[in-house]
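Novice: sharing a model that was predicted from the sequence below.
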Amino acid sequence: MLNLTDIQPQVDEIYLDNNATTPVLPQAAEAAIHTMNLCYGNPSSSHMTGLKAKYILESTRTLARQVIGADSGEIIFTSGATEGIQTSIISALNASRDKARVIQNPVLLYGATEHKAVPETLKHWNAMLNINAEVIAIPVDERGILDVDFIAEHAADALIICTMVANNETGVFQDIVLLEQVIRQHNPDVLWMVDCVQGLGKIALNLANTSIDYAPFSGHKLYGPKGIGMLYVRDQAPYTPIIAGGGQESGLRSGTENLPGIAALNAIFKLLVDDDDTTFKSHQQLCAYRQQLAETLNKVFPNIVYNHDFSCSLPTTLNFSVKGLSSKDIMDLFDAARIRVSSGSACSSKVTGSFVLDAMGKSKWQSEGAIRLSFGPASTQDEIDRACSAIEAAAKAMQHHCLLLTDAQGESDVYVDGLQQWTFDNQLTWCYVDQATKQVLLIDPVVELSERFQTLVNCRQFTVAAVLNTHLHDGQEDCAAMLRGIVQETLRSESHDSLGWPETASEVMLENGQSVAAIALGDKILAKLDLPGHTENSRAYLLGNAVDGRLGKTNIDYVFAGDLIQIGGLGRSDIHGARPDQLFDSIKLLTEVVAESTLICPAHDYQQLFSTTLALEAKSNPLLAKLLTGDLTRAQFIDEKERLDQQLQDITEQALCGLITQHSKSLIDVFPDKLQSFLAANPDVQVVDVREPFEFEAHRREYLDEQKIVNIPLTRITDFIHRFKGEKRETKFICICRSGSRSAAAANALKRLEFEHVYHVPGGFALLN
Ligand code: PLP
């Protein structure tokens with residue numbers, strides 16, 4: 001295991017994720033350490049050590065009053081904002097039990113863009129306390145501003161209204177004065193909680209001058225440590241302690257206080273109230289920082305769209321999307337370039353959007369592609385300058401690798417050749433480049449990846465050999481046709497059939513003697529083989545080297561088989577237009593013309609395994625195994641397939657196109673602390689960095705011998721498997737990436753395709769610095 005002291009920030013790290021959490025200010029850290037080392041007393045003890053601790057506690061409370069403008073009301077130290085939110089909501093609901101019975105349709109209102117802690121707490125305690133009110137989101141407009149008419153309409157029935165000072169994803173702030181007017185006009189007594197987490201230190205707060213009942217705060221969003229926060233409670237607002245015990249905090253929140261955390265707040269508050277101190281920057285200065293960052297972003301990402309209106313947002317947050325780039329692309333690039341930002345959507349294979357941007361009515365691509373860049377109110381000019389330089393340098397790596405097009409593009413000297421698989425939500429799009437003849441072929445495109453293809457074509461001035469589908473379901477959106485329209489001018493052939501196959505006079509003979517249509521692609525040939533069954537129009541494309549007009553089994557590199565053969569199953573035959581008898585004949589035909597070890601590239605990938613072979617499939621699929629050995633009649637196949645398809649109907653829609661079996665993972669891990677000794681003990685090992693080339697370019701890897709690393713991005717793992725199949729048994733490969741997730745996927749895929757000596761580094765570069 002790594003020692004804690006070995007876990008360090010990267011040198012020159014640029015931290016732009018302050019809305020998630022901030023670094024701890026040195027003054028705050030010093031105050032906390034001082035308290036731990038020297039003022040460790042319990043504030044409840046009556047001896048002098050305890051009295052010193054008590055002084056720290058109470059003087060911090062006094063400073064807090066000054067910072068948030070609360071000369072009246074209670075300030076209770078908590079573990080953070082989530083606790084403050086619990087306390088506020090429980091207090092309000094507990095006090096509203098009687099009212100809830102009197103009102104016909106009691107409601108709990110919260111802003112639609114509120115932090116998840118708010119709606120989840122409302123729903124939880126509404127159920128736990130048997131309040132049975134309706135929990136309703138207050139809609140926001142396209143700027144993220146709460147709909148005050150909606151509040152006016154529902155306020156009379158509300159037991160609590162929860163709003164926020166500023167949003168954590170977009171920085172959009174609300175007009176608290178207007179909200180107060182509307183709320184109080186329609187319900188003078190309703191309890192009102194305002195989440196102030198993102199406002200502290202960035203917006204002037206004067207809580208005692210408002211009728212806000214509860215205001216939670218969090219220390220770690222303003223340069224304090226995690227685990228400390230506070231809650232403001234207005235005089236006379238109902239209050240229910242959620243932690244009972246020794247009666248600390250005047251009985252309002254029991255448990256010995258987190259004095260080091262409170263001391264850290266003390267140091268921060270002192271800086272905030274000191275007019276001569278320049279740690280915290282003026283609003284004007286923060287706006288200038290934002291402007292500088294926005295100008296840099298606009299320059300490097302010509303297709304950038306900001307997801308919020310700067311005029312109603314805190315200057316410290318920039319939330320943007322870039323047409324044609326996923327949030328994962330940008331996150332990965334920035335992370336490699338040491339720039340830490342966050343994405344609205346999770347970085348999983350399943351693409352999800354941001355509920356905040358969805359509530360603002362932003363388009364799907366904006367929501368799914370959103371990046372949040374947040375600096376802090378104590379950021380410095382030097383940090384912003386460094387951030388801008390780093391962003392410019394990082395974007396260059398993207399331009400080199402054709403993910404970004406700019407006016408200043410020039411000829412890229414970076415080599416792109418061979419097969420790539422692009423994934424979106426378990427769908428696989430295959431892109432094949434023949435560098436020598438500058439041609440590109442695309443198979444089974446999805447809309448979400450179409451921009452990427454266009455950028456690649458334009459960036460390299462490629463000729464598009466074809467944009468093909470392996471099949472098309474009735475009523476399915478034909479992205480290939482759409483793309484053919486867009487790249488029309490660079491398309492090799494003007495006429496093509498409904499799946500995009502170009503009109504061609506060439507033919508090639510397959511292993512079984514059958515002649516099929518073919519097109520040349522550099523020194524390779526792409527043959528079309530009709531294989532109906534999953535749909536009437538299904539077909540496979542075979543890519544390989546023809547010898548004397550013959551494309552023999554062993555000369556085929558890849559089979560793009562659509563849904564016919566999948567990883568862990570066969571294409572469904574119970575959907576509209578499908579025919580199991582044809583499926584049987586098609587699989588039989590395929591086995592006559594391709595080898596059992598030929599790489600099959602399917603149209604779906606539910607397990608991040610990317611490609612497969614007939615031999616591998618037969619191992620886990622008895623139906624296919626029997627079909628391959630000839631031990632199955634067509635009638636038996638139809639019966640058995642029907643039964644299997646029936647089972648699929650109950651499984652998720654993900655399995656729409658075929659049967660899924662789980663692949664077991666058995667990888668050999670080399671943990672980061674053991675990597676150097678592993679490399680020393682295995683001088684022949686090949687380190688495979690599976691990140692995308694733009695990340696590889698953007699990341700300096702001082703600690704690994706550059707000679708030993710090859711960059712084989714996960715998107716090219718099938719190409720790698722093909723090219724290195726001769727070294728399956730001998731060479732040792734160790735896969736590495738940013739976090740250990742892609743390297744695990746790569747190693748898993750290699751292992752499954754019988755690469756014998758495969759290792760991976762859990763935790764990845766994140767733990768290597
Ligand atoms: N409210 C907002 C607006 C936040 O940004 C956060 C943290 O992300 C929270 C509440 C929860 O804060 P804590 O982490 O202190 O529980």
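Specialist: Now that the structure is in, tell me what you want to look at.
Novice: quick one: residue 446 from residue 742, how far?
Specialist: 20 Å (Cβ to Cβ, to the nearest Å). Quick note: C-beta positions are derived from backbone N, CA and C, even for glycine.
Novice: and these two? Which one has more around it.
Specialist: Neighbour count, other Cβ atoms under 10 Å: between residue 446 and residue 742, residue 742 has more, with 25 against 17.
Novice: quick check: that one is in a helix.
Specialist: Yes. Under DSSP: H, G, I helix; E, B strand; the rest coil, residue 742 falls within a helix.
Novice: dump the residue contacts of it.
Specialist: Residue 742 makes contact with 690-691, 714, according to Cβ atoms under 8 Å, 6 or more residues apart in numbering.
Novice: again with residue 418
Specialist: By Cβ under 8 Å, 6+ apart, the contact list for residue 418 reads 432-433, 716, 719, 723.
Novice: let's see that with 10 Å instead.
Specialist: Residues in contact with residue 418 (Cβ atoms under 10 Å, 6 or more residues apart in numbering) are 431-435, 557-558, 716, 718-720, 722-723.
Novice: please narrow these to those residing in strands.
Specialist: 431-434, 557-558 (DSSP state E).
Novice: can you put those residues in JSON lines and add distance to the ligand, neighbour count and pLDDT?
Specialist: Converted to JSON lines, these look like this (distance: Cβ to the nearest ligand atom, whole Å; neighbours: other Cβ atoms under 10 Å; pLDDT from 0 to 100):
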{"residue": "431", "distance to the ligand": "38", "neighbour count": "21", "pLDDT": "97"}
{"residue": "432", "distance to the ligand": "44", "neighbour count": "26", "pLDDT": "97"}
{"residue": "433", "distance to the ligand": "43", "neighbour count": "24", "pLDDT": "96"}
{"residue": "434", "distance to the ligand": "49", "neighbour count": "19", "pLDDT": "95"}
{"residue": "557", "distance to the ligand": "49", "neighbour count": "20", "pLDDT": "98"}
{"residue": "558", "distance to the ligand": "46", "neighbour count": "26", "pLDDT": "98"}
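Novice: need phi/psi at the residue in the stretch 201-350 of the chain that the ligand sits nearest to.
Specialist: Residue nearest to the ligand within the stretch 201-350 of the chain: residue 218 (3.1 Å; Cβ to the nearest ligand atom). Main-chain torsions, residue 218, degrees, to the nearest 10: phi -130, psi 130.
Novice: that one: what's it in contact with?
Specialist: With Cβ under 10 Å, 6+ apart, residue 218 has these contacts: 21, 78-85, 195-198, 200, 224, 226-230.
Novice: got a pLDDT number for the nearest residue to residue 705 once chain neighbours are set aside?
Specialist: Nearest non-adjacent residue to residue 705, counting by Cβ to Cβ, 6 or more residues apart in numbering: residue 679, 7.5 Å away. Looking at residue 679, its pLDDT reads 91.
Novice: now do residue 259
Specialist: Residue 259 is assigned a pLDDT of 98 by the prediction.
Novice: one more: residue 657?
Specialist: For residue 657, the pLDDT comes out at 49.
Novice: how about residue 411?
Specialist: The model's pLDDT for residue 411 equals 53.
Novice: same question for residue 331.
Specialist: 94.
Novice: part of a strand, is it?
Specialist: No. Under three-state DSSP, residue 331 falls outside any strand and is assigned helix.
Novice: what count of nearby residues applies to it?
Specialist: Look at residue 331: counted by other Cβ under 10 Å, it has 19 neighbours.
Novice: what number of residues lie near the closest residue to it other than its chain neighbours?
Specialist: Nearest residue to residue 331, sequence neighbours excluded (Cβ to Cβ, 6+ apart): residue 343, at 5.0 Å. By other Cβ under 10 Å, the residues close to residue 343 number 22.
Novice: residue 343 contacts residue 325, correct?
Specialist: No. In this structure, residue 343 is not within contact of residue 325 by Cβ atoms under 10 Å, at 11.1 Å.
Novice: which neighbours do the two have in common?
Specialist: 369, 371.
Novice: what residues does this structure put near the ligand?
Specialist: The chain comes close to the ligand at residues 80-82, 115, 117, 164, 168, 195, 197-198, 218, 229, as judged by Cβ under 6 Å from any ligand atom.
Novice: tell me which of those residues fall in helices.
Specialist: The helices, defined by DSSP state H, take in 81-82, 117 from these.
Novice: so which of the residues you listed is the most crowded?
Specialist: residue 81 (26 neighbours).
Novice: if I look at that one, how far off is residue 227?
Specialist: 11 Å.
Novice: overlap of the contact sets of these two?
Specialist: Residues within reach of residue 81 and of residue 227 at once, by Cβ under 10 Å, 6+ apart, are 218-220.
Novice: any idea which residue of the stretch 551-700 of the chain lies closest to the ligand?
Specialist: Per Cβ to the nearest ligand atom, residue 695 is where the stretch 551-700 of the chain lies closest to the ligand, at 27.0 Å.
Novice: quick check: that residue touching residue 332?
Specialist: Yes. Between residue 695 and residue 332 a contact is recorded at 5.2 Å, counting by Cβ under 10 Å.
Novice: more neighbours, these two?
Specialist: It is residue 695, of residue 695 and residue 332, that has more neighbours when counted by other Cβ under 10 Å, with 27 against 23.
Novice: which residue is the nearest non-sequential neighbour of the more buried one?
Specialist: Sequence neighbours aside, residue 336 is the residue nearest to residue 695 in space, at 3.7 Å (criterion: Cβ to Cβ, 6+ apart).
Novice: burial measure for the one you found, as a count.
Specialist: For residue 336, the count of nearby residues is 22 (other Cβ under 10 Å).
Novice: break the chain into its domains for me.
Specialist: For the chain, the domain assignment from automatic domain parsing gives the residue ranges 29-273, 283-400, 413-649, 672-767.
Novice: is the residue of the stretch 201-350 of the chain closest to the ligand bridged to anything, and to what?
Specialist: residue 229 (DSSP bridges).
Novice: cool, residue 491 as well?
Specialist: On the basis of DSSP bridges, residue 491 is bridged to residue 464.
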